[in-house]
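K.L.:
how would this look folded up:
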Amino acid sequence: MPNQEIIQVSSADDATIKAAILLIETTLTPYLHALTDSQRKGGVKMGDRSIAFVDKGDTYGKQFAPEMPASIKVADLSIHVNVVNMLSGYAKPLATILRGTEDTMMIAGKVAMETSLNVYAAIKQAAHNGVPGTQAAFNDMKERFPGGSHKKKTTVTPPIVPTTPTTPTV
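P.N.:
Numbering: from 1, shown residues only. Sure thing, here's the model as predicted:
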């Protein structure tokens with residue numbers, strides 16, 4: 001992981017970001033639908049490489065509307081193509097922001113966890129040395145590791161090699 005400088009978001013920027021997220025959430029949510037895991041797995045999917053194909057389907061569907069069977073709703077296709085294009089314009093920058101947010105959280109979380117483990121070790125040592133107040137802090141922090149150490153101490157006993165007297169062969 002890259003060694004990054006400490007990131008501090010000002011309280012004003014934090015408030016602005018939260019307001020912007022809330023605005024996007026409240027504005028967009030009424031148009032969004034959730035799928036179950038099984039619904040996500042089934043059916044035909046449209047990926048980035050299919051956009052041109054779908055656009056051509058929309059164009060040719062309109063151009064040859066009289067040739068289309070009644071079961072094909074060409075007008076509905078245009079609506080769905082427009083929705084895909086619009087949502088794609090939202091999804092790409094939101095995905096980039098989400099990825100950057102997750103990566104930055106991972107970096108900050110790694111440093112925070114490593115430092116907290118060092119604090120824990122120092123408090124454990126201080127408690128072992130009888131520094132007042134550190135035993136309670138150690139007991140509080142060790143709740144993160146229920147069950148104690150899972151490392152089993154095993155002693156390795158060297159194998160016993162039987163010694164038999166050797167008889168010289170003649």
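K.L.:
Strands along the chain, start to end?
P.N.:
With DSSP state E as the criterion, the chain has no strands.
K.L.:
now the helices: where do they sit in the protein?
P.N.:
11-28, 37-41, 51-63, 74-128, 134-141 (DSSP state H).
K.L.:
Would you reformat the ones you listed as TSV and include mean pLDDT?
P.N.:
Listed next are these as TSV, based on pLDDT from 0 to 100:
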stretch	mean pLDDT
helix 11-28	97
helix 37-41	89
helix 51-63	94
helix 74-128	94
helix 134-141	95
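K.L.:
and Met141, how many residues sit next to it?
P.N.:
Around Met141 there are 17 other residues, counting by other C-beta atoms under 10 Å. Where C-beta positions appear, they are placed from N, C-alpha and C, glycine not excepted.
K.L.:
and it, what does it touch?
P.N.:
Val119, Tyr120, Ile123 (C-beta atoms under 8 Å, 6 or more residues apart in numbering).
K.L.:
what separates Tyr120 from Gly100, distance-wise?
P.N.:
Using C-beta to C-beta, to the nearest Å, Tyr120 is found at 30 Å from Gly100.
K.L.:
who has more neighbours, the two?
P.N.:
Tyr120 (16 against 10).
K.L.:
Distance check, that one against Met141.
P.N.:
Taking C-beta to C-beta, one finds Tyr120 at 5 Å from Met141.
K.L.:
And stretch 99-113, what's buried?
P.N.:
Across stretch 99-113, burial judged by 16 or more other C-beta atoms under 10 Å covers no residue at all.
K.L.:
Pull out the CA atoms of it and give them to me as CSV.
P.N.:
Output in CSV follows, covering the C-alpha atoms of stretch 99-113 (Å, rounded to 0.1, in the frame of the first residue of the first chain):
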residue,chain,number,x,y,z
ARG,A,99,-13.4,3.0,-5.6
GLY,A,100,-11.3,5.9,-4.4
THR,A,101,-13.2,6.2,-1.2
GLU,A,102,-12.8,2.4,-0.5
ASP,A,103,-9.1,2.6,-1.4
THR,A,104,-8.5,5.6,0.9
MET,A,105,-10.4,3.9,3.7
MET,A,106,-8.2,0.8,3.2
ILE,A,107,-5.0,2.9,3.5
ALA,A,108,-6.2,4.8,6.6
GLY,A,109,-7.6,1.6,8.1
LYS,A,110,-4.4,-0.2,7.7
VAL,A,111,-2.4,2.5,9.4
ALA,A,112,-5.0,2.9,12.1
MET,A,113,-5.0,-0.9,12.8
